[in-house]
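Colleague: pasted the sequence and its predicted model underneath.
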There are 2 protein chains.
Amino acid sequence: MLYAEDLVEGQKFQLGEYVIDEAEVLQFARQYDPVPIHTDPGAAAAGPFGGLIASGFNTIAIYQRLIVEAVWSKVAGIVGRSMEVRLPAPVRPGATLTGQSEIQKITLRPERRDAIVIFKTQLIDGEGKVVLILVLDALIRLRPEKTQP
Amino acid sequence: MLYAEDLVEGQKFQLGEYVIDEAEVLQFARQYDPVPIHTDPGAAAAGPFGGLIASGFNTIAIYQRLIVEAVWSKVAGIVGRSMEVRLPAPVRPGATLTGQSEIQKITLRPERRDAIVIFKTQLIDGEGKVVLILVLDALIRLRPEKTQP
């Protein structure tokens, strides 16, 4: 397990891959973002993107799946305090999403035994287009101190 | 349909209600946020919250469902440009989520036939505790101009 002392600014985590298919786009959107551009292939084909696009919230959920596997399975996180999200391009059904997460800033707080760590993550689609930029402000544990016997 | 000219700063939209049950918490987290505090009731019971809590990304998705019904079904939105999210308290299975969205700022851009509109939304649980604060920067259409015959 990596603690805050083990992290450095500029450190990068390579994310895995996640394929989003049309069934997922439809199922997610019908439950959480029921508007025709995400739920109705026929209406979406006549719309501004010429076809169905994934809910941005579906893309954000996939971000978390990739981050759990690449970062939170290895780093002693406590909680995400806040995040800023931009979705610069639409995600199409069938896209393979991947990306990279980079540590932008680490502020150690030894008195609290934690650190504020800023991660900036970009997801790209199969054509290399950036589809999500997410800046997360998270608390990470410092390594537990050895106690006296 | 409401266009940007129909909106005023301070205007509030009351959200509907959404009950999140344990089956949804488990299903969402197993797909998008597979960590024991969201996926394993037994492990979660022994954890810091004394029980299962919903993935924050599940809460964010429910926000969108409530906003689609309360805002985007009435307002001529174009796109959300960015958002900032905080999740100040955990959501427990069985919670009834509701809330309010308030227009904080409107910047008309007649030359582009749109407006930048900042919405600040809070979701509360059944006990009135704030579980999500989300500030959205969105583009809203101006009313279409009448064309000459």
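Modeller: Noted; the coordinates are in hand.
Colleague: and residue A:61, how many neighbours?
Modeller: 25 (other CB atoms under 10 Å in any protein chain shown). Any C-beta I mention is one placed from the backbone N, CA and C, and that applies to glycine too.
Colleague: tell me the contacts of it?
Modeller: Residues near residue A:61 by CB atoms under 8 Å, 6 or more residues apart in numbering or on different chains: A:28, B:28, B:31, B:32, B:33, B:57, B:61.
Colleague: mind checking which of these land in helices?
Modeller: If you go by DSSP state H, the contacts of residue A:61 have A:28, B:28, B:31, B:32, B:57, B:61 in helices.
Colleague: now those residues in a markdown table, with pLDDT and distance to residue A:119?
Modeller: What follows is the ones in helices among the contacts of residue A:61, written out as a markdown table (pLDDT from 0 to 100; distance: CB to CB, whole Å):
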| residue | pLDDT | distance to residue A:119 |
| --- | --- | --- |
| A:28 | 98 | 24 |
| B:28 | 98 | 22 |
| B:31 | 98 | 22 |
| B:32 | 98 | 17 |
| B:57 | 98 | 15 |
| B:61 | 98 | 21 |
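Colleague: excluding chain neighbours, what is closest to residue A:90?
Modeller: Leaving aside its sequence neighbours, residue A:90 sits nearest to residue A:53 (CB to CB, 6 or more residues apart in numbering or on different chains; 3.9 Å).
Colleague: pLDDT score for residue A:79?
Modeller: pLDDT, residue A:79: 89.
Colleague: beta-bridge partners for it, please?
Modeller: Per DSSP bridges, the residues bridged to residue A:79 are residue A:139.
Colleague: surely residue A:53 forms part of a strand?
Modeller: No. Counting by DSSP: H, G, I helix; E, B strand; the rest coil, residue A:53 is not found in a strand; it is coil.
Colleague: count residues in the vicinity of it, would you?
Modeller: Neighbourhood size, residue A:53 [other CB under 10 Å]: 23.
Colleague: equivalent analysis for residue A:104, please.
Modeller: Residue A:104: 15 surrounding residues under other CB under 10 Å.
Colleague: what comes up buried for stretch A:14-23?
Modeller: A:15, A:18, A:20 (16 or more other CB atoms under 10 Å in any protein chain shown).
Colleague: now stretch A:140-149
Modeller: So, applying 16+ other CB under 10 Å, buried residues of stretch A:140-149: A:140, A:141, A:142.
Colleague: and for stretch A:123-143?
Modeller: Applying a neighbour-count criterion of 16+ other CB under 10 Å, one finds A:123-125, A:131-134, A:136-142 buried in stretch A:123-143.
Colleague: ditto for stretch A:22-30
Modeller: A:24, A:25, A:26, A:28, A:29.
Colleague: try stretch A:46-63
Modeller: Of all the residues in stretch A:46-63, those buried under the rule 16+ other CB under 10 Å are A:52, A:53, A:54, A:55, A:56, A:57, A:58, A:59, A:60, A:61, A:62, A:63.
Colleague: with just CA atoms, put it into CSV.
Modeller: Taking Å, rounded to 0.1, in the frame of the first residue of the first chain, the C-alpha atoms of stretch A:46-63 are listed here in CSV:
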residue,chain,number,x,y,z
ALA,A,46,-31.4,13.2,-36.1
GLY,A,47,-29.8,15.3,-33.3
PRO,A,48,-26.7,17.5,-33.1
PHE,A,49,-24.3,14.6,-32.7
GLY,A,50,-25.8,12.4,-35.5
GLY,A,51,-26.2,9.5,-33.1
LEU,A,52,-26.4,8.4,-29.5
ILE,A,53,-23.9,9.7,-27.0
ALA,A,54,-23.3,8.5,-23.4
SER,A,55,-24.6,10.5,-20.5
GLY,A,56,-21.7,12.5,-19.1
PHE,A,57,-22.5,11.0,-15.7
ASN,A,58,-21.9,7.6,-17.3
THR,A,59,-18.5,8.7,-18.3
ILE,A,60,-17.8,10.1,-14.8
ALA,A,61,-18.9,6.7,-13.3
ILE,A,62,-16.5,4.9,-15.7
TYR,A,63,-13.7,7.3,-14.6
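Colleague: quickly run through the sheet partners of the strand ranked longest in chain A, with directions.
Modeller: Criterion DSSP state E: the longest strand present in chain A is strand A:96-109. Next to strand A:96-109 in the sheet, as set by DSSP bridges, lie strand A:12-14 (antiparallel), strand A:18-19 (antiparallel), strand A:114-124 (antiparallel).
Colleague: what about the first one, average pLDDT?
Modeller: Across strand A:12-14, pLDDT averages out at 98.
Colleague: same question for the last one.
Modeller: Averaged across strand A:114-124, the pLDDT comes to 98.
Colleague: give me the most central residue, chain A.
Modeller: Nearest residue to the geometric centre of chain A (CA atoms, centre = their mean): residue A:63, 2.8 Å.
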